[in-house]
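**Student:** Mind looking at a prediction? Sequence and model below.
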Amino acid sequence: PSGWVYAQTANSHTFCIPQNAIDTEEVGEGSWIGVFYENEEGNLSCCGAMQYTGESTMCMNAWAVNPSTGDLGFTEGQTVHWKIFENVSSQEYDAIAEYASGQEVFTVDGFTTLGSLVVEKILQTVVVPSGWNGISSYVIPNTTDLTTLLNDYADDVVIMMNNQGSYIPYVNSEVTQWDANQGWLIKNLKTVVIEFLGRFNTDLTVNFEEGWTLFPVKSSEPVSIDSLFKDAASLQIIKGYGVNEIYIPGVTSNFNLEPGKAYKARFSAPFSISFDDESQHNINVFNLDTVKDVVIGGENIKITPFDHIVYMEDMDNLSLNDTLLVYSTSEVCCGYGFVTKEGSVIVKAFGDDPTTDFTDGMLDNEKMKFYLLRGNVKYAVNYVFDKSTINYDLFVTDGFSSISHISLSPVGISENNTEKIIVYPNPASERVHVELNNVSSNCRYYVANVLGETVLQGDMSESKTVIHIGELPKGIYIIRVKSDDLDVCGKVLKF
């Protein structure tokens, strides 16, 4: 294994490992076992190793220092540290040895028999409140099967998603295994407690592609964004799923990445970071923030992880304690932002939750409308978008826009006149019926997956139609019907 370099010197200590001292389900054939000493810099250096065959008793030597040749190694009475390099995962882990006989510290010409050698296990508990959350773990659990990992909470989890796809309990999902090198989104109906029992993840690197990446926190301690991303010139934005978790370089203040959470970052070019291995300690219980729906000015705003961020800076007509609200084209309030710095505000517009039966947020490519609350007065916001930013005035999941100019005018908000859409049966396996109230012709339907990708579309010449979904993968789909004066959507679970 990389870094396991040592010299065979004149003196050594022999360690024998009986066949029954190692759990073959935990340490596979072909894995490496190594002994390490602590050098003058406080780091562990290898001074003996062998490849595990799983057969009979195996013996290996721990080699002593040789001052005459300059070869490094153990000194008399020094503590012996054990490591295992697992060949299947290519991961290196600390191991704990129990000794059956012989010396327990390095001794020239010593002879020791091990009673057991086990990979050091740790427990990280993540307490996830109800609703949408971002989660991760610095532990590679003994079991990665998501149904087993969720244990008694599978009935309470609606969906889990990572950069590769989604997992829905009791449905043949595209993702079924926990991956500690990924960040995850989760929606649950009530508080869920996930216990990650296993080994520290020694792969502390996170690679970011151009665009968005959902990433984990590979640390048991909070990590400053400024320190972790200090050389990231291509970083555009980092956002979390708690309160005030938005970082824009040069614009917003630094905040800490918290263990147990997951975050999203957008880069203009590929970049890599590495968490500090000294930050991994057995701190085992992490309670995530409770993210609740928000009520502002009588409007109930549904919080989802599918958001679009809009930034305004140096606006003469924005004052402290002003509140910006975002509305859909059907006058549903879908986002907000508070002016906490004179003339500047960051607004989050929240997308529709694909796991609910109704439209409770913005749809992709829907025009955003802005209003301002100042005391008891509500203003319409006329705005000009900065076209140099990533997106403009159309809502896009993970979008980012900047407004360069606004003007205000008092206005009354009309009642929501959204047309109703009926989708049945739900769940469905082969076909779904779609019916519209008070609409008869000239519509077109679009079926999109939870990533916003259109997978089916067609014309709807009457107020009802049948959509065949039998060849679609299992999962949740949004059915959107549009015309010149109509834009409504419903949802269906394909099983």
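**Tutor:** Thanks, I have it. The structure displayed is predicted, hence computed values, not measured ones.
**Student:** Wait, Val384 touches Ser401, no?
**Tutor:** No - with the criterion set as Cβ atoms under 8 Å, Val384 and Ser401 do not qualify as a contacting pair; they are 11.2 Å apart. The C-beta positions use only the backbone N, C-alpha and C, and glycine is treated the same way.
**Student:** more crowded one of those two?
**Tutor:** Here Val384 and Ser401 are set side by side on neighbour count (other Cβ atoms under 10 Å), and the busier one is Ser401, at 24 against 11.
**Student:** Confirm that one sits in a helix?
**Tutor:** No - residue assignment for Ser401, taken from DSSP: H, G, I helix; E, B strand; the rest coil, gives strand, which places it outside any helix.
**Student:** Would you agree it is in contact with Val310?
**Tutor:** Yes - with contacts counted by Cβ under 8 Å, Ser401 reaches Val310, the gap being 4.9 Å.
**Student:** check contacts around Lys348.
**Tutor:** Contact partners of Lys348, counting by Cβ atoms under 8 Å, 6 or more residues apart in numbering, are 246, 307-310, 326, 335-337.
**Student:** go again using 6 Å as the cut-off
**Tutor:** By Cβ atoms under 6 Å, 6 or more residues apart in numbering, the contact list for Lys348 reads 307, 309, 335.
**Student:** ditto for Pro67
**Tutor:** Applying Cβ under 6 Å, 6+ apart, no residues qualify as near Pro67.
**Student:** what about it, distance to His468?
**Tutor:** Relative to His468, Pro67 is positioned 80 Å away (criterion: Cβ to Cβ, to the nearest Å).
**Student:** How about Phe286?
**Tutor:** From Phe286 across to His468, the span is 45 Å (Cβ to Cβ).
**Student:** What of Asn207?
**Tutor:** Taken as Cβ to Cβ, the span from Asn207 to His468 is 40 Å.
**Student:** burial measure for Ala125, as a count.
**Tutor:** Just so we're on the same page, residue 125 is Thr rather than Ala. Here the neighbour count serves as a burial measure; for Thr125 (other Cβ under 10 Å) it reads 16.
**Student:** so it touches Leu197, yeah?
**Tutor:** No - the pair Thr125 / Leu197 is not scored as a contact, 9.2 Å apart, by Cβ atoms under 6 Å.
**Student:** Helices along the stretch 201-350 of the chain, start to end?
**Tutor:** 225-228 (DSSP state H, counting those that start in this stretch).
**Student:** Phe286 and His468: which has the busier surroundings?
**Tutor:** Between Phe286 and His468, counted using other Cβ under 10 Å, Phe286 has the larger neighbour count: 18 against 11.
**Student:** ok, now which ones touch that one?
**Tutor:** Each residue near Phe286 by Cβ under 6 Å, 6+ apart is listed here: 126, 259-260.
**Student:** Export those residues as TSV, with columns for neighbour count and pLDDT.
**Tutor:** What follows is those, written out as TSV (neighbours: other Cβ atoms under 10 Å; pLDDT from 0 to 100):
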residue	neighbour count	pLDDT
Val126	23	93
Pro259	23	93
Gly260	24	94
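**Student:** can you tell me which of those residues lies nearest to Met50?
**Tutor:** Checking the contacts of Phe286 against Met50 with Cβ to Cβ, the nearest one is Pro259 at 35.3 Å.
**Student:** Please name the strands paired to the lowest-mean-pLDDT helix or strand in the chain in the sheet, noting orientation.
**Tutor:** Least confident helix or strand, the chain: strand 285-287 with a mean of 73, by mean pLDDT, DSSP states H and E. Partner strands and pairing direction for strand 285-287 (DSSP bridges) are strand 122-128 (parallel).
**Student:** Next, the residues that contact the partner strand from outside, please.
**Tutor:** By Cβ under 6 Å, 6+ apart, the surrounding residues in contact with strand 122-128 are 135, 137, 139, 192-197, 260, 282, 284-288.
**Student:** Ok, stretch 48-55 next?
**Tutor:** Judged by Cβ under 6 Å, 6+ apart, the contacts made with stretch 48-55 from elsewhere in the structure are 4, 24, 29, 31-35, 60-63.
**Student:** Do you have the strands of the stretch 101-250 of the chain handy? List them.
**Tutor:** Secondary structure of the stretch 101-250 of the chain by DSSP state E, counting those that start in this stretch: the strands cover 111-119, 122-128, 131-135, 139-141, 157-162, 165-167, 184-188, 192-200, 205-208, 211-216, 223-224, 235-239, 246-247.
**Student:** ok, residues contacting the last one?
**Tutor:** For strand 246-247, the surrounding residues in contact (Cβ under 6 Å, 6+ apart) are 225, 238-239, 252, 346.
**Student:** chain center to it, what's the gap?
**Tutor:** Here the centre of strand 246-247 is set off from its chain's centre by 16 Å, with Cα atoms, centre = their mean, to the nearest Å.
**Student:** and if you look at the third one?
**Tutor:** Between the mean C-alpha point of strand 131-135 and the mean C-alpha point of its chain there is a distance of 9 Å (Cα atoms, centre = their mean).
**Student:** With adjacent residues omitted, what lies nearest to Asn254?
**Tutor:** When the adjacent residues along the chain are set aside, Asn254 lies closest to Asp226, with 4.3 Å between them (Cβ to Cβ, 6 or more residues apart in numbering).
**Student:** how close does that neighbour sit to Thr252?
**Tutor:** Note on Asp226: its distance to Thr252, by Cβ to Cβ, is 11 Å.
**Student:** Which among the contacts of strand 246-247 count as buried?
**Tutor:** In terms of neighbour count (16 or more other Cβ atoms under 10 Å), the buried residues within these are 225, 238-239, 252, 346.
**Student:** surely Asp307 meets Phe350?
**Tutor:** Yes - counting by Cβ under 6 Å, Asp307 does reach Phe350; the two are 5.3 Å apart.
**Student:** Determine the residues that are contacts of both of Thr125 and Leu197.
**Tutor:** Both Thr125 and Leu197 lack any common contact, where contact means Cβ under 6 Å, 6+ apart.
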